[in-house]
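In: Sequence first, predicted coordinates after that:
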Amino acid sequence: MAHPRPLFLALCLCLLVVPSLAGGTAAEAGRPFIVIAHPGDAPPLLTRLTLRRIYLGQITRWPGGTVVVAVNGPPRSPVRETLGRWLFPEGEETVRDTWQSAYYQGRFPPRALASYRAVALFVARVAGAVGYVPAGLPHPGALAVRVVGEAEEAAAAREEGRRP
């Protein structure tokens, strides 16, 4: 009978290599959340700046013309606070000031939903929706969107022969 150790080591190696081939999961990036979008509306890759502009209401349509419907997770949840610090390192005052000004123009901030399960269901069912959920939370019917920094996006664009 073959010794089980080589099989075990090969399996462990596969578990380490396969996620990296999938290209940029939240866990690899050290983030406790993943960004999800309604399938067919959002591109499979967004830059952090684009996501920031979506959550500030500065980007209102996806490239195909569908209206962007951004949603937040529950207020004061650790995942929401982490995403906020990641997107807005200068502090939440920026977000508050932006939306306070927008309010007088008839624009409103992204709606906060009661749970991350509600976020996943909303995003799966509403055209144009984008949100975030804790890494590892099932999100059937929603597309996991890879979020990269500006340098990564520029490098990918050069590889594909397009402008970033």
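Out: Ah, there it is. Residues are numbered from 1 along each chain as shown.
In: how about low-confidence regions in the chain?
Out: For the chain, the stretches flagged by pLDDT under 70 are 1-29, 153, 156-157, 159-164.
In: For the protein, which segments count as strands?
Out: 33-37, 45-47, 69-72, 111-112, 129-134, 143-148 (DSSP state E).
In: For the third one, which outside residues touch it?
Out: Outside of strand 69-72, the residues that reach it under the criterion CB atoms under 8 Å, 6 or more residues apart in numbering are 54-55, 80, 110-113, 119, 122-123, 126-131. Where C-beta positions appear, they are placed from N, C-alpha and C, glycine not excepted.
In: one step back: of all the strands of the chain, which one is nearest residue 90?
Out: strand 45-47 (17.6 Å; CB to CB).
In: returning to that earlier point: got the strands of the chain as a markdown table, with distance to residue 86 and mean neighbour count columns?
Out: Output for the strands of the chain, formatted as a markdown table (distance: least, CB to CB, whole Å; neighbours: other CB atoms under 10 Å):
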| stretch | distance to residue 86 | mean neighbour count |
| --- | --- | --- |
| strand 33-37 | 8 | 24 |
| strand 45-47 | 13 | 18 |
| strand 69-72 | 14 | 20 |
| strand 111-112 | 17 | 14 |
| strand 129-134 | 10 | 26 |
| strand 143-148 | 9 | 19 |
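In: how about these in CSV, adding distance to residue 105?
Out: Compiled in CSV, these are given as follows (distance: least, CB to CB, whole Å):
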stretch, distance to residue 105
strand 33-37, 25
strand 45-47, 25
strand 69-72, 17
strand 111-112, 18
strand 129-134, 21
strand 143-148, 28
